[in-house]
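S.K.: Just the structure for this:
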Amino acid sequence: MSRFTPTRLLTALVCAGLTFGAAAQDKDVRLPDLGSSANALISPQEAQDYGAAMLRQMRALDMVLDDPMLDDYINDLGYRLVSGSEKPKDHFSFFIVRENVINAFAAPGGYIAVNSGLIIITNNESELAGVIAHEIGHITQNHLQRAFEASKKDTPLMALVLLGAILAGAGAGAGDAAGAILAGGQGLLMQRQINFTRKDEIEADRAGIQTLANAGFDPNAMASFFGRMEDTLRVGSGGDIGDVPSFLQDHPVTLDRISDAKARAGTLIARQKQRPDGSTLDKAQWEKSTAPIAFVKDATSIASRDGKGGLDTYLLMRERVRVLSGDAGQLATYYANNLQTEHGFDTPSNRYGYALALTRSNRGAKAIDELQPMLTAHPDSQIVRLAMADAKLQAGHRAEALALYAELNGQSPRNRAIAMGYAKALTDGGTQDEAKQAAVMVMPLLDNNDEPELYRTFAHAADKAGDPIRAGEAYADASYLSGRPFDAMEQLKRLQQRPDLDYYARARIQARINDLTPLVMELRKRHVQTDDNPDGRTQQLQNRENCQGRLCFSGTNNAR
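M.R.: Next up is the predicted model:
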């Protein structure tokens, strides 16, 4: 299946050509007339194309924490919330940004990003759900479309600024600089839209709180989390996790807003307790009832249990985010020291985080020692068993690891985290037959999936299995999904020149080229530079000189 979006994607490229900066209100900077109707301006499919283009560019800068287990978790949580929202049939996609700044944002097309720093600082799943529900509220209340229309003569939509900043950063060839530009763009936009944003923030709170309750989470969690962030800012310390003021700048919090959120949550809880005859359930009766607010029965959410032993998936995933977004060696020391000195730190989730850090810092044997007691206590936990398989593989116990991967895959053949771990274990250091087995296992998972690493895993297996054509197609798909369309095009053209292509392979490759050609042509026309497009470098440098000290956010200078 072709991974290249049709020509509607050109709409997304228009946003990449916008210039936005500190002097965006100057008369010499001309933005396109966005029209009088936001709904007429951007269709749902165009909005989705904007969000998808943004995600690819973020991947090009290694800003996305791509991990199949975390991806499944954050999307399962997000979809559970969407099901309780006002628009459960709309398109949504959730992803984690590899950034310790405590923040989250919503982009066109239902793309919702949560920074790793925000996940790490939450205390429970309801708090995390509260932030996501708030961002879902921005989407369901059409705030992005309203912002598009209300700011048409002044400031483009936040996601367009994000995309322009990301493209500019990619042209600069420095991830740190790109992050700084991105943060600057968000800050400028928020400062200029602050009054408008406060109104929308309260509306998103109200919609989000209702969504929380409908989905079975604590409706008080949003207010408690925002209040905790405000308290942290008040004492002037954000800790070592991230930059709390960034979150509060993008989501301005007032006492009135927190009070309003608490009052609304209280009203929802009161309604749940009320009988049809007007009388009120007491606590014991309520806990035995079928009230949808699951936190009453279990503060960590019954739906987040992994295995019969009662491991909390949220807590495990929070530590996984901590390890995968940080330095594994330093984090191994962090866990080891705290396990020895901090009372209450010795929990299953922290032991799991320690084992992950050990495995990722090439100490698989010690990770096995950490995981074994957990596996004995929770033998049904797929999360712990997969961690054990990874540790055994890293420690050199390949046969034992393959046996555990095979058992897990037999139980959950559509689980991407298991399939990718198993496929890599079969391919690396394995035989050609094992590589064929890996390719056959991963191939069905490629449909409707946009994770580049999944395509790379399949490509590596197919190549070793003796199928270089399928491997080449998958490598091209991975390049495209990683924000490198020029690389993808070149790979496809080289592949097309192979003399051993049969009719079907040639048709597949040509279809991919046809889909990708308009995108590449438009990028070249607009002189938008990406890492894989050196042709735009000269124009990019000229544009920066033309900015004359202003903060510019694209590969094209629209000043006239």
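S.K.: Show me where the stretch 1-150 of the chain dips below the pLDDT cut-off.
M.R.: 1-42, 145-150 (pLDDT under 70).
S.K.: The stretch 401-550 of the chain now?
M.R.: In the stretch 401-550 of the chain (pLDDT under 70), the answer is 528-530, 534-550.
S.K.: just so I have it, where are all the strands in it?
M.R.: If DSSP state E, counting those that start in this stretch is used as the criterion, the stretch 401-550 of the chain turns out to lack strands entirely.
S.K.: Against D428, how distant is M374?
M.R.: For M374, the distance to D428 (Cβ to Cβ, to the nearest Å) stands at 26 Å. All C-beta spots, glycine's among them, are computed from the backbone N, C-alpha and C.
S.K.: again, but for Q496
M.R.: In terms of Cβ to Cβ, Q496 sits 29 Å off from D428.
S.K.: tell me which element L339 is part of?
M.R.: Assigned by DSSP states H and E, L339 belongs to helix 328-341.
S.K.: what helices or strands is that helix leaning on?
M.R.: Contacts defined by 3 or more Cβ pairs under 8 Å, 6 or more residues apart in numbering; DSSP states H and E place helix 328-341 against helix 348-360.
S.K.: Just the angle for the helix it packs on relative to helix 328-341, thanks.
M.R.: 140 degrees (axes from the mean of the first three to the mean of the last three Cα atoms, to 10 degrees).
S.K.: Can you give the contact residues for helix 348-360?
M.R.: 311-312, 315-316, 318-320, 322-324, 328-329, 331-332, 334-336, 338-339, 364, 366-367, 370-371, 373-374, 377-378, 383-384, 387, 390-391, 394 (Cβ atoms under 8 Å, 6 or more residues apart in numbering).
S.K.: repeat that for 6 Å
M.R.: 311, 315-316, 319, 323, 328, 331-332, 335, 366-367, 370-371, 374, 387, 390-391, 394 (Cβ atoms under 6 Å, 6 or more residues apart in numbering).
S.K.: Give me the three-state assignment for P379.
M.R.: Classification of P379 by DSSP: H, G, I helix; E, B strand; the rest coil places it in coil.
S.K.: about what we covered before: in strands, which of the contacts of helix 348-360 appear?
M.R.: Among the contacts of helix 348-360, the ones falling in strands (DSSP state E) are L311.
S.K.: So which of the contacts of helix 348-360 belong to helices?
M.R.: When the contacts of helix 348-360 are checked against helices (DSSP state H), the matches are 315-316, 319, 323, 328, 331-332, 335, 366-367, 370-371, 374, 387, 390-391, 394.
S.K.: Using PyMOL, define a selection of the buried residues within those residues.
M.R.: Of these, the buried ones can be selected in PyMOL as follows, counting by 16 or more other Cβ atoms under 10 Å:
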select buried, resi 315+316+319+323+328+331+332+335+366+367+370+371+374+387+390+391+394
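S.K.: And what about I112, helix, strand or coil?
M.R.: Classification of I112 using three-state DSSP returns strand.
S.K.: Dig out what it forms beta bridges with.
M.R.: Counting by DSSP bridges, I112 is bridged to F94, A106.
S.K.: Would you mind confirming that it makes contact with A106?
M.R.: Yes. The pair I112 / A106 is scored as a contact, 5.2 Å apart, by Cβ atoms under 6 Å.
S.K.: which residues do those two both contact?
M.R.: With Cβ under 6 Å, 6+ apart, I112 and A106 have common neighbours E135.
S.K.: Any figure for the gap between S325 and I509?
M.R.: Distance of S325 to I509, given as Cβ to Cβ: 36 Å.
S.K.: all helices of the stretch 451-560 of the chain, in order?
M.R.: Taking DSSP state H, counting those that start in this stretch, the helices of the stretch 451-560 of the chain run over residues 452-464, 468-481, 485-496, 503-525, 537-547.
S.K.: Export those helices as TSV, with columns for distance to L65.
M.R.: Formatted as TSV, the helices of the stretch 451-560 of the chain follow (distance: least, Cβ to Cβ, whole Å):
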stretch	distance to L65
helix 452-464	11
helix 468-481	15
helix 485-496	22
helix 503-525	26
helix 537-547	28
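S.K.: who wins for proximity to K199 among these?
M.R.: For K199, the closest of those is helix 537-547, at 32.6 Å, according to Cβ to Cβ.
S.K.: check contacts around the closest residue to R416 other than its chain neighbours.
M.R.: Nearest non-adjacent residue to R416, counting by Cβ to Cβ, 6 or more residues apart in numbering: P68, 3.8 Å away. Residues in contact with P68 (Cβ under 6 Å, 6+ apart) are R416, A417, M420.
S.K.: Next, count neighbours for N449.
M.R.: N449 has 16 neighbouring residues, counting by other Cβ atoms under 10 Å.
S.K.: and it, how far is that from D200?
M.R.: 33 Å.
S.K.: Could you do R508 as well?
M.R.: From R508 to D200 the distance is 45 Å (Cβ to Cβ).
S.K.: now swap in E434 and tell me
M.R.: Taking Cβ to Cβ, one finds E434 at 54 Å from D200.
S.K.: Neighbours of R414, how many?
M.R.: 9.
S.K.: List the contacts of it.
M.R.: Not one residue lies near R414 by Cβ under 6 Å, 6+ apart.
S.K.: now A332
M.R.: Neighbours of A332 in contact, by Cβ under 6 Å, 6+ apart: A357, L358, S361.
S.K.: same thing but 8 Å
M.R.: Counting by Cβ under 8 Å, 6+ apart, A332 makes contact with Y354, A357, L358, S361, R363.
S.K.: got it, and L339?
M.R.: Neighbouring residues of L339 by Cβ under 8 Å, 6+ apart: F345, D346, N350, R351, Y354.
S.K.: can you put those in JSON lines and add distance to D90, pLDDT and neighbour count?
M.R.: Shown next, in JSON lines, are these (distance: Cβ to Cβ, whole Å; pLDDT from 0 to 100; neighbours: other Cβ atoms under 10 Å):
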{"residue": "F345", "distance to D90": "41", "pLDDT": "96", "neighbour count": "13"}
{"residue": "D346", "distance to D90": "43", "pLDDT": "96", "neighbour count": "12"}
{"residue": "N350", "distance to D90": "37", "pLDDT": "97", "neighbour count": "20"}
{"residue": "R351", "distance to D90": "39", "pLDDT": "97", "neighbour count": "20"}
{"residue": "Y354", "distance to D90": "40", "pLDDT": "98", "neighbour count": "24"}
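S.K.: now L331: how far from L492?
M.R.: Counting by Cβ to Cβ, the gap from L331 to L492 is 40 Å.
S.K.: List the contacts of the spatially closest residue to D67 that is not a sequence neighbour.
M.R.: Nearest residue to D67 in three dimensions, chain neighbours excluded: L324, at 5.6 Å (Cβ to Cβ, 6+ apart). Contacts for L324 were tallied using Cβ under 8 Å, 6+ apart; they are L65, D67, L70, S116, L356, R360.
S.K.: same question, Q372
M.R.: Here Q372 is in contact with M388 (criterion: Cβ under 8 Å, 6+ apart).
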